[in-house]
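Chemist: Build me a model:
(2 chains)
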Amino acid sequence: MSKVIVVTSGKGGVGKTTTAAALGTGLALRGHKTVVIDFDVGLRNLDLVMGCERRVVFDFINVINGDAKLNQALIRDKRIDKLSIFPTSQTRDKDALKREGVDRVMDELRAEFEYILCDSPAGIEHGALSALYHADHAIIVTNPEVSSVRDSDRIIGILASKSRRAERKEAPVMEHLLLTRYSPERVRRGEMLSLDDVKEILAVPILGIIPESESVLKASNTGTPVILDPTSPAGRAYDDAVARFLGEQRELRFEKEERRNLFRMLFGRA
Amino acid sequence: MRLLEYILPQRPRTASVAKERLMLVLAHEHAGSEGSEFLPALRNDLIAIVRKYVAAKDDAIEVKLGHQGKAAVLEISIELPGKSGRRAHAN
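Modeler: From the prediction side, this is the model:
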């Protein structure tokens, strides 16, 4: 049975695309046939973050309009065998994601892939609604910051009312909280909402904590999903999140400050 | 570092302020969205009924959906015109 996972947040800039790229890569690394779809019509970026921007020929809208076959638009990742990227188009017509077209493409993808990750655009407009409509699971990407938490709450409400599962009165979309750009040090100083604060407010089970890390920018600079960098705390945290999603028990790392290591203090930070 | 933080006077903990503000605003938004379909209509009907008996102003009636523990509470507050501007409460 294939599973559709939406990576969503309401607010922009919290790490949706970084997360979609990392989790998709992680699932494929573990042997699951996975596709990551960019739903951000007009603002294509997943291709850049995943390092395949020069291989885009056809896109989501071409396939919806019947101008290209699905297999012509899917880009096979060069690093990981079971990973494909489905780029969106740069058209400015936001309503290009026609409902029937998206339905048809999702059916085709379900027949071919185990995991279908939908990278949602920010906001609560047509693109974001299309991205979450088919979801079986939702990864709510949230920063420990007031506007992000409020927008996540909003998206959680929309998942419960506007998803296909809600419309059909099926079991609800399974929600998972992913807290990104977390700084245990600032939490200790009382400057940042803690994991417990956010959990209490949103009441969504936690999938992972991604610590604020310089390696995320470095990874996107080179178009390498950060999960492929074993020296990166964020990469390791994403790996934990993938393992948990697949049912493994893993302790939450990065919630507390790591003990300072003299060696690391002298020879640079990871 | 930690030692210094113990010695120096505590700075205000902005995270707890953030949490309080968030909980308040979300409680409001949830209350608003739950009754959003019927609350405005209910308010208009109530004004019409009250007007049969007294000359109440348009903004004399407040209808709010709140929470007390697990129960949802509909609070209707009607300001009656009169000497002291008495408010009648019905829950």
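Chemist: Show me what from the stretch 151-270 of chain A comes close to chain B.
Modeler: For the stretch 151-270 of chain A, the contact set with chain B under CB under 8 Å from any CB of the partner chain comprises A:153-154, A:157, A:187, A:189-194, A:197, A:201. (Glycine included, C-beta is placed from N, CA and C.)
Chemist: Out of those residues, list just those in helices.
Modeler: Secondary structure defined by DSSP state H assigns A:153-154, A:157, A:187, A:197, A:201 of those to helices.
Chemist: okay if I get those residues as a markdown table plus pLDDT?
Modeler: Shown next, in a markdown table, are those (pLDDT from 0 to 100):
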| residue | pLDDT |
| --- | --- |
| A:D153 | 97 |
| A:R154 | 96 |
| A:G157 | 95 |
| A:V187 | 95 |
| A:D197 | 96 |
| A:I201 | 96 |
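Chemist: Report the separation between the closest residue to chain B within chain A and A:D197.
Modeler: Chain B sits closest to A:G190 of chain A, with a gap of 3.3 Å, by CB to the nearest CB. To A:D197, A:G190 is 11 Å away according to CB to CB, to the nearest Å.
Chemist: Flag every residue of chain B that's near chain A.
Modeler: So far as CB under 8 Å from any CB goes, chain B lies against chain A at B:5, B:11, B:13-16, B:18-19, B:21-23, B:25-26, B:29, B:33.
Chemist: For those residues, pick the one with the most neighbours.
Modeler: Neighbour counts for the residues of chain B next to chain A peak at B:L22, which has 22 neighbours (criterion: other CB atoms under 10 Å in any protein chain shown).
Chemist: where exactly do the strands run in chain B?
Modeler: Along chain B, counting by DSSP state E, strands occupy B:61-68, B:71-79, B:87-90.
Chemist: which of the ones you listed sits most buried?
Modeler: Of the strands of chain B, the one with the most neighbours on average (mean count of other CB atoms under 10 Å in any protein chain shown) is strand B:61-68, at a mean of 15.
Chemist: quick one, that one and strand B:71-79 angle?
Modeler: Angular relation of strand B:61-68 and strand B:71-79 on a 0 to 180 degree scale: 160 degrees, by axes from the mean of the first three to the mean of the last three CA atoms, to 10 degrees.
Chemist: and strand B:61-68, what does it pack onto?
Modeler: Under the contact definition 3 or more CB pairs under 8 Å, 6 or more residues apart in numbering or on different chains; DSSP states H and E, strand B:61-68 sits against helix B:14-34, helix B:39-53, strand B:71-79.
Chemist: higher neighbour count, A:G190 and A:D197?
Modeler: A direct count of neighbours by other CB under 10 Å for A:G190 and A:D197 places A:D197 higher, at 19 against 15.
Chemist: If you drop the residues flanking it in sequence, what lies closest to the more buried one?
Modeler: Nearest residue to A:D197 in three dimensions, chain neighbours excluded: B:K19, at 4.9 Å (CB to CB, 6 or more residues apart in numbering or on different chains).
Chemist: got the contact list for whichever residue of chain B sits closest to chain A?
Modeler: Using CB to the nearest CB, the closest approach of chain B to chain A is made by B:R13 at 3.3 Å. Counting by CB atoms under 8 Å, 6 or more residues apart in numbering or on different chains, B:R13 touches A:190-191.
Chemist: Local confidence estimate at residue 53?
Modeler: In the absence of a named chain, this looks at chain A. For A:E53, the pLDDT comes out at 95.
Chemist: Not quite, go with chain B.
Modeler: Among the per-residue scores, B:Y53 shows a pLDDT of 86.
Chemist: ditto for B:G66
Modeler: According to the predicted model, the pLDDT of B:G66 comes to 69.
Chemist: Show the average pLDDT along stretch A:112-124.
Modeler: 97.
Chemist: In that stretch, which of the residues would be classed as buried?
Modeler: The neighbour-count check on stretch A:112-124 (16 or more other CB atoms under 10 Å in any protein chain shown) flags A:113-124 as buried.
Chemist: Quick check: end-to-end length of it?
Modeler: Chord length of stretch A:112-124, first to last residue, is 29 Å (CA to CA, to the nearest Å).
Chemist: What of stretch A:108-123?
Modeler: Across its full length, stretch A:108-123 reaches 27 Å between end residues, using CA to CA.
Chemist: re the thing from before, what touches both of A:G190 and A:D197?
Modeler: Common neighbours of A:G190 and A:D197, counting by CB under 8 Å, 6+ apart, are B:A15.
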